[in-house]
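> Fold the following for me, if possible:
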Amino acid sequence: MDDQNKNLILATALSFIVILVWFVLFPPPEPDTPLDAATTVDATADTGDVAVPAPQSDTSDATAPEATASETADAPRVAIETARLSGSISLLGGRIDDLRLKDYRQSLDEEADIVTMLSPVGSDAAYYALHGWAPGTGLDAAGVPDPNTLWRVEGNDTLSVGNEVTLQWSNATGQTFKRVISVDENYMFDITQSVTNTADTAVRAAPYGMITRHGTPTDLKNFFILHEGAIAMANGELAETDWDDIPEAEVDPAWGRPAIVTRDVAEGWIGFSDHYWQSILIPAGVASFEQALTYAPRTDVFRAVTRLPAQDIAPGATVSVTTQLFAGAKEWETIRAYQDNGVEGFIDSIDWGWFFFLTKPIFWLLHEINVLIGNMGWSIIGLTLIIKAILFPLAYKSYVSMAKMKELQPQMEKLKEAAGDDKQKMQQGMMELYKKEKVNPAAGCLPILLQIPIFFSLYKVIFVTIELRHAPFFGPFQDLSAPDPTTILNLFGLLPIEAPDPNSIMALIFIGILPLLLGISMWLQQKLNPAPTDPTQQMIFAWMPWVFMFMLGSFASGLVVYWIANNTITFTQQYLIMRSQGYKPDLLGNIKSSFKKRTQTDSK
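Numbering: from 1, shown residues only. Got it, this is the predicted structure:
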């Protein structure tokens, strides 16, 4: 077996093994489940109790039962209406609990419902933001607004860009609470809470913000490559907590339930992250605060909480605090703009994974190319060209080495004849020959090995980022984050027939046109070199393209586009470099030879 074939088999086999393990252990996830399934109001729903955080330096911990589903449904509301958002705020508790994202639909169908981000109590999966004050000295539970408080609207009754909404409530002891809510042109809300004390004595209260989710989301992907659950940034450190890890947390004495608490946070944020959407609380203008993830076992309720320092409100004084709430799509450009405006580390709310040092620059480059081209499919091909250009020096050395190895074949055959069965003598002779001719037999596999982390990083980018969701290429390829929708059953997209479910055996057998092109491109790349004489090598080479074709058939079509482009560029580079080194690949002869050998084998 010559060293060139050894290197090629080693590199190809390693790629095959890595992808095979990946495919078996972490198969592609099921397609998106609609986020905003039909909601029904259940008057008997068990909504549990809301534990209002106690103020710092104070031991009180008032609790209040949350409104029932029927009470929430009947409560008056304030509309939310912007170019990108629609929904409403419930005046019962002042919850932001009804929010839809106008730019995103559940499926490619133009008539599909837009994605629902937040849902009120009584929906299938209640999910909302709540702000308030925990009582301290001079106040009791009745003296602060709770989830059942009915707020009054002052002035504007519709929240839109440039038009804030003010909610007001007064207690019986001389304190007036206000909540001013504004929203920008994207997904960021500003919630300014204030207390005016008209009583003769000082009072104390601690402001908080809370994002509540009833139960674990039903549309989880449960895929190794994607983080779903809680996410937090505290003093520059990112923490990602899976859903099933929150209930397993130890009971925190200060919270009286399973909780993951971070105290003395000078700068940070906390919330919940789904595949493409997230809700994040971001305190602003405070020196230090506490953030926590809590779980109520009895009612199966998760909460992400920010608890700000307790405020002393003197007679006649007013104090106020501001918390931001991000509730929307994880768009790279939008989130980066918020980070540039002061939200520390916000770009890391997108799950870049272990290879972040590759996924971040790869996505940045893909995004910039797409800005110029306007088509994500062609942008992936453009990205492939740039990656191949960066790796070209290594590829050039590799292909030059492979061409020289071809030239050394006659001398290597003579060494084999002279050495006979003496393997040590053969190895020594070959090493001397390599040294004399300045050939590195291992150089051939390096470019292939470098493709593995790039392949996984691009897969991460394609699967995780919302910019690839429903991103069209051409014709039937209208979602590059989904598997190839074509199959022989629909004449590769010519007939309006849906392809088999990506997770079914039918999909594995009746693959689409992109996997077919992938297999052909790998097969043609092999034919730049004559088939090895060893029968085992011949079998590996014969089966490898088609095994890859079926394995990658259910992967995101954007990734298959990358792989096809990569194979095509590699084929062209290798052919031209070999020609430049005086070795002319007999492509047509190698193809004919492979068919002749199969015919001879079949006849036997």
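> C-alpha from now on. contacts and neighbour counts both.
Noted.
> where exactly do the strands run in the stretch 201-350 of the chain?
Using DSSP state E, counting those that start in this stretch, the strands found in the stretch 201-350 of the chain span residues 203-214, 229-234, 237-242, 251-252, 257-265, 268-273, 277-284, 289-296, 301-307, 311-313, 318-329.
> Quick check: which of these is nearest to Phe456?
Counting by CA to CA, Phe456 lies closest to strand 237-242 out of these; the figure is 20.6 Å.
> what comes up buried for that closest one?
238, 240-241 (16 or more other CA atoms under 10 Å).
> Please identify the pairing partners of that strand and their relative orientation?
strand 229-234 (antiparallel) (DSSP bridges).
> Measure how far stretch 229-243 is from the centre of its chain, please.
With CA atoms, centre = their mean, to the nearest Å as the basis, stretch 229-243 stands 15 Å off its chain's centre.
> Restrict it to CA atoms and write it as PDB.
Once non-C-alpha atoms are left out, stretch 229-243 reads as follows in PDB (Å, rounded to 0.1, in the frame of the first residue of the first chain):
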ATOM      1  CA  GLY A 229     -32.900  26.600  29.300                       C
ATOM      2  CA  ALA A 230     -31.700  29.400  31.500                       C
ATOM      3  CA  ILE A 231     -28.800  31.800  30.600                       C
ATOM      4  CA  ALA A 232     -27.100  34.400  32.700                       C
ATOM      5  CA  MET A 233     -24.200  36.800  32.600                       C
ATOM      6  CA  ALA A 234     -22.700  37.900  35.900                       C
ATOM      7  CA  ASN A 235     -19.600  40.000  36.100                       C
ATOM      8  CA  GLY A 236     -18.300  38.800  32.800                       C
ATOM      9  CA  GLU A 237     -19.000  35.100  33.300                       C
ATOM     10  CA  LEU A 238     -21.600  33.300  31.200                       C
ATOM     11  CA  ALA A 239     -23.600  30.500  32.800                       C
ATOM     12  CA  GLU A 240     -25.900  28.200  30.800                       C
ATOM     13  CA  THR A 241     -28.300  26.000  32.900                       C
ATOM     14  CA  ASP A 242     -30.400  23.200  31.300                       C
ATOM     15  CA  TRP A 243     -34.000  22.900  32.200                       C
END
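> Tell me how far Glu498 lies from Met539.
Distance, Glu498 to Met539, using CA to CA, to the nearest Å: 35 Å.
> just Asn156 next, same as before
Separation of Asn156 from Met539 (CA to CA) stands at 75 Å.
> hmm, back to that, dump the buried residues of strand 237-242 into JSON lines; add pLDDT and distance to Gln278 as well.
Formatted as JSON lines, those follow (pLDDT from 0 to 100; distance: CA to CA, whole Å):
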{"residue": "Leu238", "pLDDT": "96", "distance to Gln278": "15"}
{"residue": "Glu240", "pLDDT": "96", "distance to Gln278": "13"}
{"residue": "Thr241", "pLDDT": "96", "distance to Gln278": "14"}
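> In JSON lines: these, plus distance to Asn370.
Shown next, in JSON lines, are the buried residues of strand 237-242 (distance: CA to CA, whole Å):
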{"residue": "Leu238", "distance to Asn370": "29"}
{"residue": "Glu240", "distance to Asn370": "30"}
{"residue": "Thr241", "distance to Asn370": "32"}
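> Quickly name whichever of the residues you listed is closest to Val343.
Using CA to CA, Leu238 comes nearest to Val343 of those, at 13.2 Å.
> That closest one: what's its closest spatial neighbour, skipping adjacent residues?
Counting by CA to CA, 6 or more residues apart in numbering, Leu238 lies nearest to Ala232, which is 5.9 Å off, once chain neighbours are set aside.
> Same question for Met376.
Using CA to CA, 6+ apart, the closest residue to Met376 is Asn370 (5.7 Å).
> Work out for me the element that neighbour sits within.
helix 356-373 (DSSP states H and E).
> Which elements pack onto that helix?
helix 376-390, helix 446-464 (3 or more CA pairs under 8 Å, 6 or more residues apart in numbering; DSSP states H and E).
> Packing partners of the longest one?
Meaning helix 446-464. helix 3-25, helix 356-373, helix 392-407, helix 557-580.
> for it, what is the average pLDDT?
Helix 446-464 carries an average pLDDT of 83.
> and the angle from that helix to helix 376-390?
150 degrees (axes from the mean of the first three to the mean of the last three CA atoms, to 10 degrees).
> I'd like the numbering to begin with 35 instead of 1 from here.
Okay, using 35 as the starting number, the last item reads as helix 480-498.
> Buried residues, stretch 254-265. List them.
Those would be 254-255, 259-265, for stretch 254-265 by 16+ other CA under 10 Å.
> average pLDDT for it?
88.
> about what we covered before: pretty sure the residue nearest to Leu272 is touching Asp276, no?
No - counting by CA atoms under 8 Å, Ala266 stays clear of Asp276, with 11.7 Å between them.
> If you rank every helix and strand of the chain by mean pLDDT, what lands last?
strand 83-85 (a mean of 38; mean pLDDT, DSSP states H and E).
> So for Gly128, what pLDDT did the model give?
95.
> ok, it - contacts?
164-165, 181, 183-185, 201 (CA atoms under 8 Å, 6 or more residues apart in numbering).
> hmm, back to that, JSON lines please, covering the buried residues of stretch 254-265 and showing distance to Ala159.
JSON lines is the format used below for the buried residues of stretch 254-265 (distance: CA to CA, whole Å):
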{"residue": "Leu254", "distance to Ala159": "13"}
{"residue": "Lys255", "distance to Ala159": "16"}
{"residue": "Ile259", "distance to Ala159": "24"}
{"residue": "Leu260", "distance to Ala159": "21"}
{"residue": "His261", "distance to Ala159": "19"}
{"residue": "Glu262", "distance to Ala159": "16"}
{"residue": "Gly263", "distance to Ala159": "15"}
{"residue": "Ala264", "distance to Ala159": "16"}
{"residue": "Ile265", "distance to Ala159": "19"}
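> Closest to Ala599 out of the residues you listed?
When these are compared against Ala599 (criterion: CA to CA), the nearest one is Ile259, at 23.7 Å.
> Roughly how far does that closest one sit from Lys394?
Applying CA to CA to Ile259 and Lys394 gives a distance of 15 Å.
> same thing with Ile415?
In terms of CA to CA, Ile415 sits 18 Å off from Lys394.
> cool, Tyr329 as well?
Computed as CA to CA, the Tyr329 to Lys394 distance reads 33 Å.
> picking that back up, among the buried residues of stretch 254-265, which two are most distant?
Farthest apart among the buried residues of stretch 254-265 by CA to CA are Lys255 and Ile265. That separation is 16.6 Å.
> For the nearest residue to Thr226 once chain neighbours are set aside, which residues count as its bridge partners?
Among residues not flanking Thr226 along the chain, Thr356 sits closest, at 4.2 Å (CA to CA, 6+ apart). Here Thr356 sits in beta bridges with Thr226, Ala318, going by DSSP bridges.
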